[in-house]
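Trainee: The sequence isn't on hand, but the structure is:
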Ligand code: NAD
Ligand code: IPM
Ligand code: MN
(Lines give C-alpha, C1' and ligand atoms only; values in the text may rest on other atoms or scores of the structure.)
(Ligands and ions follow the chains in the order given, each with its own letter.)
Protein backbone atom coordinates (compact mmCIF):
# COMPACT_ATOMS: atom_id res chain seq x y z
CA UNK A 1 0.00 0.00 0.00
CA UNK A 2 1.54 3.32 -1.06
CA UNK A 3 1.63 6.58 0.88
CA UNK A 4 1.36 9.72 -1.24
CA UNK A 5 2.74 13.02 0.02
CA UNK A 6 0.46 16.02 -0.56
CA UNK A 7 1.41 19.61 0.16
CA UNK A 8 -1.67 21.72 0.88
CA UNK A 9 -1.35 25.44 0.14
CA UNK A 10 -4.68 27.05 1.11
CA UNK A 11 -3.65 30.65 0.32
CA UNK A 12 -5.98 33.62 0.86
CA UNK A 13 -9.64 34.64 0.89
CA UNK A 14 -11.84 31.62 0.26
CA UNK A 15 -8.72 29.45 -0.28
CA UNK A 16 -8.60 28.17 3.33
CA UNK A 17 -12.40 27.70 3.36
CA UNK A 18 -12.44 25.41 0.33
CA UNK A 19 -9.27 23.62 1.49
CA UNK A 20 -11.11 22.64 4.70
CA UNK A 21 -13.63 20.81 2.52
CA UNK A 22 -11.00 19.00 0.46
CA UNK A 23 -9.42 17.81 3.71
CA UNK A 24 -12.71 16.03 4.50
CA UNK A 25 -12.46 14.22 1.17
CA UNK A 26 -8.81 13.26 1.76
CA UNK A 27 -9.74 11.99 5.24
CA UNK A 28 -12.55 9.94 3.70
CA UNK A 29 -10.18 8.24 1.26
CA UNK A 30 -7.65 7.65 4.08
CA UNK A 31 -10.29 6.04 6.30
CA UNK A 32 -11.43 3.82 3.45
CA UNK A 33 -8.15 1.88 3.33
CA UNK A 34 -5.85 1.27 0.38
CA UNK A 35 -3.30 3.93 -0.50
CA UNK A 36 -3.10 6.77 1.99
CA UNK A 37 -2.40 10.47 1.65
CA UNK A 38 -0.02 12.15 4.04
CA UNK A 39 -0.59 15.90 4.14
CA UNK A 40 1.66 18.78 5.04
CA UNK A 41 0.60 22.42 4.85
CA UNK A 42 2.33 25.64 3.83
CA UNK A 43 1.71 29.31 3.20
CA UNK A 44 1.36 30.98 -0.17
CA UNK A 45 0.18 34.35 -1.44
CA UNK A 46 -0.83 37.17 0.89
CA UNK A 47 -0.79 34.91 3.94
CA UNK A 48 2.86 34.03 3.20
CA UNK A 49 3.68 37.70 2.64
CA UNK A 50 2.14 38.61 6.01
CA UNK A 51 4.19 35.88 7.73
CA UNK A 52 7.58 36.47 6.13
CA UNK A 53 7.49 39.16 3.46
CA UNK A 54 7.54 36.77 0.48
CA UNK A 55 4.67 35.21 -1.46
CA UNK A 56 6.18 31.77 -0.85
CA UNK A 57 9.09 30.87 1.44
CA UNK A 58 12.08 28.85 0.26
CA UNK A 59 11.12 26.13 2.77
CA UNK A 60 7.60 25.81 1.34
CA UNK A 61 8.99 25.96 -2.20
CA UNK A 62 11.29 23.03 -1.33
CA UNK A 63 8.32 21.11 0.12
CA UNK A 64 6.36 21.71 -3.10
CA UNK A 65 9.25 20.38 -5.19
CA UNK A 66 9.46 17.26 -3.01
CA UNK A 67 5.72 16.52 -2.75
CA UNK A 68 3.97 13.93 -4.92
CA UNK A 69 1.34 16.60 -5.61
CA UNK A 70 0.46 20.11 -4.46
CA UNK A 71 -3.14 21.06 -3.69
CA UNK A 72 -3.54 24.81 -4.09
CA UNK A 73 -6.49 26.97 -2.92
CA UNK A 74 -6.37 30.56 -4.20
CA UNK A 75 -4.30 33.68 -3.64
CA UNK A 76 -4.73 37.45 -3.72
CA UNK A 77 -7.04 40.12 -2.42
CA UNK A 78 -7.37 43.87 -1.93
CA UNK A 79 -5.35 43.74 1.32
CA UNK A 80 -2.19 43.21 -0.76
CA UNK A 81 -2.95 45.61 -3.61
CA UNK A 82 -0.08 47.89 -2.60
CA UNK A 83 2.68 45.33 -1.88
CA UNK A 84 5.74 45.39 -4.20
CA UNK A 85 5.07 43.68 -7.54
CA UNK A 86 7.57 40.83 -7.15
CA UNK A 87 6.17 39.74 -3.78
CA UNK A 88 2.46 40.22 -4.60
CA UNK A 89 0.34 37.13 -3.77
CA UNK A 90 0.02 35.98 -7.40
CA UNK A 91 3.85 35.85 -7.69
CA UNK A 92 3.86 32.83 -5.35
CA UNK A 93 1.62 30.88 -7.71
CA UNK A 94 3.62 31.92 -10.78
CA UNK A 95 6.85 30.84 -9.08
CA UNK A 96 5.37 27.43 -8.26
CA UNK A 97 4.30 26.98 -11.88
CA UNK A 98 7.66 28.09 -13.27
CA UNK A 99 10.00 26.32 -10.84
CA UNK A 100 8.01 23.08 -10.94
CA UNK A 101 7.87 23.44 -14.77
CA UNK A 102 4.13 22.87 -14.84
CA UNK A 103 3.72 23.67 -18.53
CA UNK A 104 0.41 21.88 -19.12
CA UNK A 105 -2.72 23.25 -17.49
CA UNK A 106 -5.84 21.14 -18.05
CA UNK A 107 -9.11 22.98 -17.48
CA UNK A 108 -12.14 20.76 -18.12
CA UNK A 109 -15.51 22.50 -18.43
CA UNK A 110 -18.32 20.04 -17.85
CA UNK A 111 -21.97 20.89 -17.52
CA UNK A 112 -23.40 18.66 -14.80
CA UNK A 113 -26.93 17.60 -15.83
CA UNK A 114 -28.46 19.15 -12.71
CA UNK A 115 -26.89 22.52 -13.51
CA UNK A 116 -28.13 22.92 -17.07
CA UNK A 117 -30.29 25.83 -15.90
CA UNK A 118 -27.64 27.51 -13.71
CA UNK A 119 -25.70 28.95 -16.66
CA UNK A 120 -26.47 32.36 -18.11
CA UNK A 121 -26.75 30.55 -21.46
CA UNK A 122 -29.79 28.63 -22.67
CA UNK A 123 -30.10 24.97 -21.61
CA UNK A 124 -29.77 23.58 -25.16
CA UNK A 125 -26.47 25.38 -25.64
CA UNK A 126 -24.72 23.90 -22.60
CA UNK A 127 -26.58 20.67 -21.81
CA UNK A 128 -24.12 17.75 -22.08
CA UNK A 129 -21.13 20.09 -22.50
CA UNK A 130 -17.76 18.42 -21.98
CA UNK A 131 -14.77 20.38 -23.25
CA UNK A 132 -11.15 20.50 -22.18
CA UNK A 133 -9.00 23.61 -22.41
CA UNK A 134 -5.28 22.80 -22.52
CA UNK A 135 -3.51 26.00 -21.55
CA UNK A 136 0.26 26.49 -21.91
CA UNK A 137 1.33 27.60 -18.43
CA UNK A 138 5.04 28.43 -18.19
CA UNK A 139 5.66 30.60 -21.24
CA UNK A 140 4.23 33.42 -23.29
CA UNK A 141 3.61 36.94 -22.08
CA UNK A 142 3.40 35.79 -18.44
CA UNK A 143 7.13 35.12 -18.31
CA UNK A 144 8.75 36.69 -21.43
CA UNK A 145 11.55 39.22 -20.96
CA UNK A 146 11.79 42.18 -20.94
CA UNK A 147 8.95 42.70 -18.49
CA UNK A 148 9.21 46.14 -16.96
CA UNK A 149 8.08 49.74 -16.71
CA UNK A 150 10.73 52.13 -18.01
CA UNK A 151 11.05 55.92 -17.92
CA UNK A 152 11.13 57.62 -21.32
CA UNK A 153 13.11 60.81 -22.02
CA UNK A 154 9.85 62.70 -22.64
CA UNK A 155 8.74 62.10 -19.05
CA UNK A 156 6.29 59.36 -20.06
CA UNK A 157 6.53 55.79 -18.81
CA UNK A 158 6.42 52.62 -20.93
CA UNK A 159 5.01 49.31 -19.69
CA UNK A 160 6.50 46.31 -21.45
CA UNK A 161 5.48 42.65 -21.49
CA UNK A 162 6.95 40.26 -24.01
CA UNK A 163 5.17 37.36 -25.68
CA UNK A 164 7.78 34.67 -26.41
CA UNK A 165 7.34 31.06 -27.51
CA UNK A 166 10.05 28.63 -28.61
CA UNK A 167 9.32 25.60 -30.78
CA UNK A 168 9.75 23.04 -27.97
CA UNK A 169 7.24 24.85 -25.75
CA UNK A 170 4.54 24.72 -28.43
CA UNK A 171 5.40 21.17 -29.47
CA UNK A 172 5.09 19.72 -25.96
CA UNK A 173 1.78 21.43 -25.13
CA UNK A 174 0.36 20.41 -28.53
CA UNK A 175 1.42 16.80 -27.84
CA UNK A 176 -0.43 16.87 -24.49
CA UNK A 177 -3.57 18.16 -26.23
CA UNK A 178 -3.42 15.52 -28.99
CA UNK A 179 -2.78 12.70 -26.51
CA UNK A 180 -5.74 13.76 -24.37
CA UNK A 181 -7.96 14.14 -27.44
CA UNK A 182 -7.28 10.48 -28.27
CA UNK A 183 -8.89 9.55 -24.94
CA UNK A 184 -11.95 11.70 -25.73
CA UNK A 185 -13.64 12.62 -29.04
CA UNK A 186 -10.32 12.87 -30.91
CA UNK A 187 -10.59 16.55 -31.93
CA UNK A 188 -8.27 19.46 -31.18
CA UNK A 189 -8.89 23.12 -31.98
CA UNK A 190 -5.77 25.28 -31.68
CA UNK A 191 -6.30 28.98 -30.92
CA UNK A 192 -3.84 31.85 -31.47
CA UNK A 193 -3.73 35.19 -33.27
CA UNK A 194 -1.48 34.49 -36.23
CA UNK A 195 -3.08 37.45 -38.01
CA UNK A 196 -1.27 39.92 -35.71
CA UNK A 197 1.34 38.01 -33.70
CA UNK A 198 4.58 36.36 -34.83
CA UNK A 199 4.31 33.97 -31.90
CA UNK A 200 0.87 33.10 -33.27
CA UNK A 201 2.35 32.26 -36.68
CA UNK A 202 4.93 29.98 -35.03
CA UNK A 203 2.25 28.45 -32.79
CA UNK A 204 0.14 27.57 -35.82
CA UNK A 205 3.14 26.17 -37.74
CA UNK A 206 4.38 24.01 -34.87
CA UNK A 207 0.95 22.64 -33.95
CA UNK A 208 0.39 21.76 -37.63
CA UNK A 209 3.81 20.07 -37.92
CA UNK A 210 3.40 18.15 -34.64
CA UNK A 211 0.02 16.93 -35.85
CA UNK A 212 1.38 15.78 -39.22
CA UNK A 213 4.39 14.03 -37.67
CA UNK A 214 2.82 12.23 -34.73
CA UNK A 215 -0.94 12.74 -34.41
CA UNK A 216 -2.49 12.69 -37.88
CA UNK A 217 -5.27 10.38 -36.59
CA UNK A 218 -6.61 13.29 -34.50
CA UNK A 219 -8.86 15.87 -36.19
CA UNK A 220 -7.16 19.28 -36.02
CA UNK A 221 -8.68 22.69 -36.65
CA UNK A 222 -7.40 26.23 -36.08
CA UNK A 223 -9.27 29.31 -34.93
CA UNK A 224 -8.25 32.87 -34.18
CA UNK A 225 -8.50 33.26 -30.42
CA UNK A 226 -10.95 36.17 -30.46
CA UNK A 227 -13.30 34.22 -32.71
CA UNK A 228 -12.74 31.24 -30.40
CA UNK A 229 -14.08 33.27 -27.48
CA UNK A 230 -17.17 34.12 -29.50
CA UNK A 231 -17.68 30.49 -30.60
CA UNK A 232 -17.35 29.29 -26.99
CA UNK A 233 -20.39 31.36 -26.10
CA UNK A 234 -22.30 30.79 -29.37
CA UNK A 235 -22.04 26.98 -29.63
CA UNK A 236 -19.51 25.51 -27.15
CA UNK A 237 -20.42 21.89 -27.96
CA UNK A 238 -18.53 22.20 -31.28
CA UNK A 239 -15.30 21.82 -29.24
CA UNK A 240 -13.60 18.78 -27.74
CA UNK A 241 -10.05 19.85 -26.78
CA UNK A 242 -8.88 23.45 -27.17
CA UNK A 243 -5.13 24.10 -27.05
CA UNK A 244 -3.93 27.66 -26.57
CA UNK A 245 -1.28 29.88 -25.04
CA UNK A 246 -0.94 31.14 -21.48
CA UNK A 247 -2.87 34.42 -21.74
CA UNK A 248 -5.59 33.31 -24.17
CA UNK A 249 -6.00 30.16 -22.05
CA UNK A 250 -6.49 32.25 -18.92
CA UNK A 251 -9.26 34.29 -20.51
CA UNK A 252 -10.95 31.51 -22.46
CA UNK A 253 -11.12 29.29 -19.38
CA UNK A 254 -12.95 31.97 -17.37
CA UNK A 255 -15.44 32.15 -20.26
CA UNK A 256 -15.74 28.35 -20.26
CA UNK A 257 -16.29 28.41 -16.49
CA UNK A 258 -19.44 30.45 -16.87
CA UNK A 259 -20.80 27.93 -19.39
CA UNK A 260 -20.85 25.45 -16.50
CA UNK A 261 -22.79 27.83 -14.24
CA UNK A 262 -20.08 29.34 -12.04
CA UNK A 263 -16.35 29.90 -11.67
CA UNK A 264 -16.81 27.87 -8.50
CA UNK A 265 -17.28 24.73 -10.65
CA UNK A 266 -14.07 24.66 -12.72
CA UNK A 267 -11.13 22.52 -11.52
CA UNK A 268 -7.67 22.36 -13.04
CA UNK A 269 -4.52 20.28 -13.13
CA UNK A 270 -1.10 21.81 -13.80
CA UNK A 271 1.32 19.13 -14.92
CA UNK A 272 5.03 18.89 -15.68
CA UNK A 273 6.77 16.45 -17.99
CA UNK A 274 7.16 12.84 -16.80
CA UNK A 275 10.55 12.26 -15.14
CA UNK A 276 12.80 10.23 -17.45
CA UNK A 277 13.73 7.76 -14.69
CA UNK A 278 10.54 7.38 -12.63
CA UNK A 279 7.83 8.44 -15.10
CA UNK A 280 6.33 10.63 -12.35
CA UNK A 281 5.16 14.17 -13.13
CA UNK A 282 5.34 17.18 -10.84
CA UNK A 283 1.79 18.41 -10.41
CA UNK A 284 -0.30 21.10 -8.79
CA UNK A 285 -4.09 21.03 -8.60
CA UNK A 286 -5.99 24.28 -8.29
CA UNK A 287 -9.46 25.63 -8.97
CA UNK A 288 -9.64 28.07 -11.89
CA UNK A 289 -11.23 30.76 -9.72
CA UNK A 290 -9.47 33.19 -7.39
CA UNK A 291 -9.72 34.11 -3.73
CA UNK A 292 -13.20 35.67 -4.18
CA UNK A 293 -12.65 38.53 -1.70
CA UNK A 294 -16.28 39.61 -2.12
CA UNK A 295 -17.57 36.45 -0.41
CA UNK A 296 -14.57 35.41 1.73
CA UNK A 297 -15.54 34.76 5.35
CA UNK A 298 -19.27 34.44 4.60
CA UNK A 299 -19.28 30.64 4.31
CA UNK A 300 -20.84 30.91 0.85
CA UNK A 301 -17.91 29.74 -1.31
CA UNK A 302 -18.53 26.81 -3.61
CA UNK A 303 -15.93 24.11 -2.79
CA UNK A 304 -16.73 21.98 -5.88
CA UNK A 305 -13.94 23.36 -8.12
CA UNK A 306 -11.46 22.58 -5.33
CA UNK A 307 -12.86 19.10 -4.65
CA UNK A 308 -13.01 18.29 -8.38
CA UNK A 309 -9.36 19.43 -8.58
CA UNK A 310 -8.58 16.70 -6.04
CA UNK A 311 -10.42 14.24 -8.29
CA UNK A 312 -8.04 15.34 -11.06
CA UNK A 313 -5.16 14.69 -8.64
CA UNK A 314 -6.38 11.14 -8.07
CA UNK A 315 -6.65 10.68 -11.84
CA UNK A 316 -3.46 12.31 -13.11
CA UNK A 317 -0.93 11.95 -10.26
CA UNK A 318 -1.91 8.59 -8.80
CA UNK A 319 -3.76 6.83 -11.65
CA UNK A 320 -6.67 6.23 -9.30
CA UNK A 321 -9.26 6.35 -12.03
CA UNK A 322 -11.99 4.46 -10.13
CA UNK A 323 -11.56 6.75 -7.10
CA UNK A 324 -11.58 9.86 -9.29
CA UNK A 325 -14.76 8.66 -11.03
CA UNK A 326 -16.33 7.92 -7.65
CA UNK A 327 -15.59 11.45 -6.41
CA UNK A 328 -16.94 12.99 -9.63
CA UNK A 329 -20.11 10.89 -9.27
CA UNK A 330 -20.47 12.01 -5.64
CA UNK A 331 -20.34 15.66 -6.77
CA UNK A 332 -22.90 14.97 -9.49
CA UNK A 333 -25.21 13.09 -7.09
CA UNK A 334 -25.06 15.96 -4.59
CA UNK A 335 -26.15 18.37 -7.31
CA UNK A 336 -28.89 15.95 -8.41
CA UNK A 337 -30.37 16.27 -4.91
CA UNK A 338 -30.86 19.99 -5.53
CA UNK A 339 -28.18 21.05 -3.05
CA UNK A 340 -26.49 24.26 -4.19
CA UNK A 341 -24.12 26.91 -2.93
CA UNK A 342 -25.41 30.41 -3.65
CA UNK A 343 -23.43 30.87 -6.91
CA UNK A 344 -25.22 27.94 -8.60
CA UNK A 345 -28.62 28.26 -6.92
CA UNK A 346 -31.71 28.15 -9.09
CA UNK A 347 -35.44 28.04 -8.47
CA UNK A 348 -36.44 25.11 -6.26
CA UNK A 349 -32.90 24.28 -5.14
CA UNK A 350 -31.74 24.17 -1.52
CA UNK A 351 -29.05 26.75 -0.78
CA UNK A 352 -26.33 25.47 1.55
CA UNK A 353 -22.94 26.80 2.70
CA UNK A 354 -19.37 25.73 1.94
CA UNK A 355 -19.07 23.32 4.85
CA UNK A 356 -22.46 21.71 4.24
CA UNK A 357 -21.52 21.17 0.58
CA UNK A 358 -18.35 19.36 1.68
CA UNK A 359 -20.37 17.22 4.11
CA UNK A 360 -22.99 16.45 1.43
CA UNK A 361 -20.30 15.21 -0.98
CA UNK A 362 -18.81 13.02 1.78
CA UNK A 363 -22.31 11.63 2.44
CA UNK A 364 -22.63 10.75 -1.26
CA UNK A 365 -19.20 9.07 -1.20
CA UNK A 366 -20.51 6.93 1.65
CA UNK A 367 -23.77 6.19 -0.15
CA UNK A 368 -22.10 5.32 -3.45
CA UNK A 369 -19.57 2.97 -1.90
CA UNK A 370 -21.96 1.32 0.61
P1 LIG B 1 -12.32 35.52 -8.45
O2 LIG B 1 -12.27 34.27 -9.23
O3 LIG B 1 -11.70 35.51 -7.11
O4 LIG B 1 -13.84 36.00 -8.31
C5 LIG B 1 -14.67 36.34 -9.43
C6 LIG B 1 -16.16 36.21 -9.03
O7 LIG B 1 -16.47 34.81 -8.94
C8 LIG B 1 -16.47 36.80 -7.66
O9 LIG B 1 -17.73 37.39 -7.70
C10 LIG B 1 -16.47 35.59 -6.73
O11 LIG B 1 -17.30 35.74 -5.61
C12 LIG B 1 -16.95 34.48 -7.65
N13 LIG B 1 -16.36 33.20 -7.25
C14 LIG B 1 -15.09 32.77 -7.50
N15 LIG B 1 -14.90 31.58 -6.96
C16 LIG B 1 -16.04 31.22 -6.35
C17 LIG B 1 -16.46 30.07 -5.59
N18 LIG B 1 -15.64 29.05 -5.36
N19 LIG B 1 -17.71 30.06 -5.10
C20 LIG B 1 -18.56 31.07 -5.34
N21 LIG B 1 -18.23 32.17 -6.05
C22 LIG B 1 -16.99 32.25 -6.54
O23 LIG B 1 -11.65 36.65 -9.36
P24 LIG B 1 -11.28 38.17 -9.03
O25 LIG B 1 -12.29 38.75 -8.11
O26 LIG B 1 -11.02 38.78 -10.33
O27 LIG B 1 -9.89 38.08 -8.27
C28 LIG B 1 -9.74 38.11 -6.85
C29 LIG B 1 -8.29 37.81 -6.49
O30 LIG B 1 -8.00 36.45 -6.82
C31 LIG B 1 -7.28 38.65 -7.28
O32 LIG B 1 -6.26 39.01 -6.38
C33 LIG B 1 -6.75 37.70 -8.35
O34 LIG B 1 -5.44 37.97 -8.75
C35 LIG B 1 -6.82 36.40 -7.62
N36 LIG B 1 -6.91 35.21 -8.46
C37 LIG B 1 -6.23 34.12 -8.00
C38 LIG B 1 -6.32 32.93 -8.69
C39 LIG B 1 -5.60 31.76 -8.12
O40 LIG B 1 -5.14 31.81 -7.01
N41 LIG B 1 -5.47 30.66 -8.85
C42 LIG B 1 -7.13 32.83 -9.82
C43 LIG B 1 -7.82 33.96 -10.26
C44 LIG B 1 -7.72 35.15 -9.56
C1 IPM C 1 -5.56 31.65 -13.08
C2 IPM C 1 -5.26 33.00 -12.46
C3 IPM C 1 -3.77 33.27 -12.47
C4 IPM C 1 -3.34 33.41 -13.92
C5 IPM C 1 -3.28 34.47 -11.64
C6 IPM C 1 -3.80 34.48 -10.25
C7 IPM C 1 -1.79 34.53 -11.64
O8 IPM C 1 -6.00 33.99 -13.07
O9 IPM C 1 -4.96 30.65 -12.67
O10 IPM C 1 -6.42 31.57 -13.96
O11 IPM C 1 -3.47 34.51 -14.50
O12 IPM C 1 -2.86 32.43 -14.46
MN1 MN D 1 -7.49 33.23 -14.49
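Mentor: Yep, it's here. Note that the structure is predicted; figures quoted are calculated from it, not measured. Numbering: from 1, shown residues only. Ligands and ions are numbered 1, 2, ... in the order given.
Trainee: Check the separation of the first and last residues in stretch 340-350.
Mentor: 6 Å (Cα to Cα, to the nearest Å).
Trainee: Give me the buried positions along it.
Mentor: 340, 341, 342, 343, 344, 345, 349 (16 or more other Cβ atoms under 10 Å). C-betas here are computed from N, CA, C, even on glycine.
Trainee: wait, does it contact ligand 1?
Mentor: Yes: in this structure, stretch 340-350 sits against ligand 1 according to Cβ under 6 Å from any ligand atom; the contacting residues are residue 343.
Trainee: to the chain's geometric centre, what's the distance from that stretch?
Mentor: 24 Å (Cα atoms, centre = their mean, to the nearest Å).
Trainee: Same question for stretch 26-42.
Mentor: 22 Å.
Trainee: For that stretch, give me every contacting residue.
Mentor: Stretch 26-42 is touched from outside by 1-10, 23, 48, 56-57, 59-60, 63-64, 67, 310, 314, 318, 320, 323, 362, 365-366, 369, with contacts defined as Cβ atoms under 8 Å, 6 or more residues apart in numbering.
Trainee: Can you flag the buried ones in those residues?
Mentor: When these are checked for burial by 16+ other Cβ under 10 Å, the buried set is 4, 6-10, 23, 48, 56-57, 60, 63-64, 67, 310, 314, 318, 320, 323, 362, 365.
Trainee: From these, which land in strands?
Mentor: 4, 6, 7, 8, 9, 10 (DSSP state E).
Trainee: Which members of the contacts of stretch 26-42 additionally contact ligand 1?
Mentor: Contacts with ligand 1 within the contacts of stretch 26-42, as defined by Cβ under 6 Å from any ligand atom: none are present.
Trainee: Just the buried residues of stretch 235-252, please?
Mentor: Those buried within stretch 235-252 under the rule 16+ other Cβ under 10 Å are 236, 239-250, 252.
Trainee: first to last residue in that stretch, what's the distance?
Mentor: 14 Å.
Trainee: can you check stretch 45-60 too?
Mentor: For stretch 45-60, the first and last residues are 12 Å from each other (Cα to Cα).
Trainee: does any bit of that stretch sit next to ligand 2?
Mentor: No: under the criterion of Cβ under 6 Å from any ligand atom, ligand 2 is not reached by stretch 45-60; the shortest gap measures 9.0 Å.
Trainee: Stretch 101-113 now?
Mentor: No: in this structure, stretch 101-113 remains apart from ligand 2 according to Cβ under 6 Å from any ligand atom; the gap is never smaller than 7.7 Å.
Trainee: Identify the residue nearest the residue positioned nearest the centre of the chain in space, chain neighbours excluded?
Mentor: With distances taken as Cα atoms, centre = their mean, residue 268 lies nearest the centre of the chain, 2.5 Å away. When the adjacent residues along the chain are set aside, residue 268 lies closest to residue 107, with 4.7 Å between them (Cβ to Cβ, 6 or more residues apart in numbering).
Trainee: could you show me where the helices are in this protein, in order?
Mentor: If you assign secondary structure with DSSP state H, the helices in the chain sit at 15-32, 46-52, 58-66, 89-99, 123-126, 167-182, 198-214, 225-234, 246-259, 304-316, 321-336, 354-368.
Trainee: Below-threshold pLDDT in the protein: ranges please.
Mentor: Using pLDDT under 70 as the threshold, the predicted model of the chain has no low-confidence range.
Trainee: residues from it in reach of ligand 2?
Mentor: Within the chain, the residues that sit near ligand 2 (Cβ under 6 Å from any ligand atom) are 90, 93, 94, 250, 288, 290.
Trainee: got JSON lines for those, with distance to residue 154 too?
Mentor: Compiled in JSON lines, the residues of the chain next to ligand 2 are given as follows (distance: Cβ to Cβ, whole Å):
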{"residue": "90", "distance to residue 154": "31"}
{"residue": "93", "distance to residue 154": "36"}
{"residue": "94", "distance to residue 154": "32"}
{"residue": "250", "distance to residue 154": "33"}
{"residue": "288", "distance to residue 154": "41"}
{"residue": "290", "distance to residue 154": "37"}
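Trainee: Count the neighbours of the residue of the stretch 251-370 of the chain found nearest ligand 2 for me.
Mentor: Of all residues in the stretch 251-370 of the chain, the one sitting closest to ligand 2 is residue 288 (5.5 Å; Cβ to the nearest ligand atom). For residue 288, the tally of surrounding residues (other Cβ atoms under 10 Å) stands at 24.
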